[in-house]
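In: The following block contains a protein sequence and its predicted model.
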Amino acid sequence: MTEIVILGAGYAGLRTLKELQKSKEDVHITLVDQNTYHFEATDLHEVAAGTQSKEKITYEIKDVVNSEKTTFTQAKVQKIDRDNQKVTLDSGESLSYDYLVVALGFQSESFGIKGVSENALEMVDVDSAVKVHEHIKQMMQQYAATKEENYLKIVVCGAGFTGIELLGSLIEGKKEFAQIAGVSPEKIQIYCVEAVTRLLPMFDEKLADYAVKHLTDWGVQWRTGKPIKEIKPGVVVYQENAETGETKELAAQTIIWTTGVSGSHVIGESGFSERRGRVTVSADLTDPDHKNVYVIGDVSAVMDPETNRPYPTTAQIALKMGTMSAKNILHQLKGEKTEGFTFKSQGSVASIGNTHALGLVGKSAVKGYPASFIKKMIMNKSLLETGGIKEAMAKGRFDLYH
Ligand code: NAD
């Protein structure tokens, strides 16, 4: 029997699993993840802001595992040995495979900036998102006890998709924060420090301005064109003037780091040829050095022929890679030629709070409530396709009418 090991139960890994479980081939699958649950990574900002519970964005992995075909192992992957076709886990166990699917996802990227890991909060998984919310609540309690203004200040570092979506949710969270602090919501101060001046460069200026204007109207205070140089305890140090090198400090008791991500550290530590934890894969999504190893999702870099740069890492592309890796493994099992992966983005939509969003659907710009509706429908579709009807009914977003 052919042994297929899938590392990671995120969007990419679970999609591969789902497709392989449908096959009639004589295969056994082992799925490995450090958690017993899958989480919707596109929704972490809501958990961090406390506007959504962690239960709403997670479901048990066992619910999508067909135990006749698949064994689920909860463990952390330590190392992948491609030459000996083995994966070492933190439990001490080692798994052998005929085919391997590496879908280990992303981690926060500090770009070597001093003090980030010690003094800023990351938002990369359910635990870290819950920690952000808990931290904010504690700071609000501290304000109630001390009346020290910095406890009411929250800084989001970086205004990429993640930062923008987080800002929108934090605005919605203000009511809860203010109640704990015993102040009115306007007293909660939300800042964003961002290196570039033109935000959301993937959208045209009009669309990007829509997001910035709404967030500004809702009280976000921007420091754009200000690269962050250091995070000290309770202080963000950013460059005020590029010519003189002058820096300024912004004090705040909550500092959240959303300046970008890299692929899992396991990739580099396992000797893959990589950049920022991402492997530039062959056209069929295999590791260029090993035809039985597929690298998909946020640990994978696929070149976009139009821009000559890798496609951005999104849930959408991860799901498509999941389907393709399963298809190609099945081709290999049958002695057939593998297929090349092609990707046509269906667009991307960023939420700003629960009822506003903006983005591109195909080539059409969408914004406002219709965009928010579309975003929730996209999330429901992905839940339905990977988690099935049970998860979609339980965890789907049906608060569509406002
Ligand atoms: P990102 O790389 O897209 O954005 C990071 C932002 O931080 C950039 O604007 C960058 O200029 C800024 N930055 C970097 N270093 C800085 C510094 N030292 N000081 C100040 N600012 C700095 O990262 P992300 O937002 O985490 O997104 C990661 C990936 O996930 C992207 O591909 C994104 O498209 C995707 N994503 C998609 C969605 C969606 O489709 N709704 C949501 C979230 C993330």
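Out: Nice, I can see it.
In: any idea how far the nearest residue to V130 once chain neighbours are set aside lies from M140?
Out: Nearest non-adjacent residue to V130, counting by C-beta to C-beta, 6 or more residues apart in numbering: K54, 5.7 Å away. All C-beta atoms are positioned from the backbone trio N, CA, C, and that covers glycine. As for K54, its distance to M140 is 20 Å (criterion: C-beta to C-beta, to the nearest Å).
In: What of T71?
Out: Per C-beta to C-beta, T71 is found 45 Å from M140.
In: Just want to know which of those two has more residues nearby.
Out: Using other C-beta atoms under 10 Å, the more surrounded residue of T71 and M140 is M140, with 23 against 13.
In: So G297 sits against R15, correct?
Out: No. In this structure, G297 is not within contact of R15 by C-beta atoms under 8 Å, at 9.0 Å.
In: who has more neighbours, these two?
Out: G297 (31 against 27).
In: Would you state the strands of the stretch 1-150 of the chain in chain order?
Out: Under the criterion DSSP state E, counting those that start in this stretch, the stretch 1-150 of the chain contains strands at 2-7, 27-33, 37-39, 58-60, 70-74, 77-81, 86-89, 94-96, 99-102, 106-108, 121-122.
In: whoops, the stretch 201-350 of the chain was the one
Out: All strands of the stretch 201-350 of the chain, identified by DSSP E, counting those that start in this stretch, fall at 221-224, 228-232, 235-239, 247-251, 254-257, 261-263, 279-280, 286-287, 290-295, 300-301, 303-304, 309-310, 347-351.
In: closest one to the ligand among those?
Out: Between the ligand and the strands of the stretch 201-350 of the chain, the tightest spacing by C-beta to the nearest ligand atom is seen for strand 228-232, at 3.5 Å.
In: for that closest one, which positions count as buried?
Out: Within strand 228-232, the residues that count as buried by 16 or more other C-beta atoms under 10 Å are I228, I231.
In: what's the neighbour count on the nearest residue to K232 once chain neighbours are set aside?
Out: Leaving aside its chain neighbours, K232 sits nearest to G115 (5.7 Å; criterion: C-beta to C-beta, 6+ apart). For G115, the neighbour count with other C-beta under 10 Å is 18.
In: Would you mind giving both backbone torsions of G115?
Out: phi 80, psi 0 (degrees, to the nearest 10).
In: surely it meets E230?
Out: Yes. Under the criterion of C-beta under 8 Å, G115 lies in contact with E230, with a separation of 5.2 Å.
In: T314 reaches A350, doesn't it?
Out: No. T314 is beyond contact range of A350, at 10.9 Å (criterion: C-beta under 8 Å).
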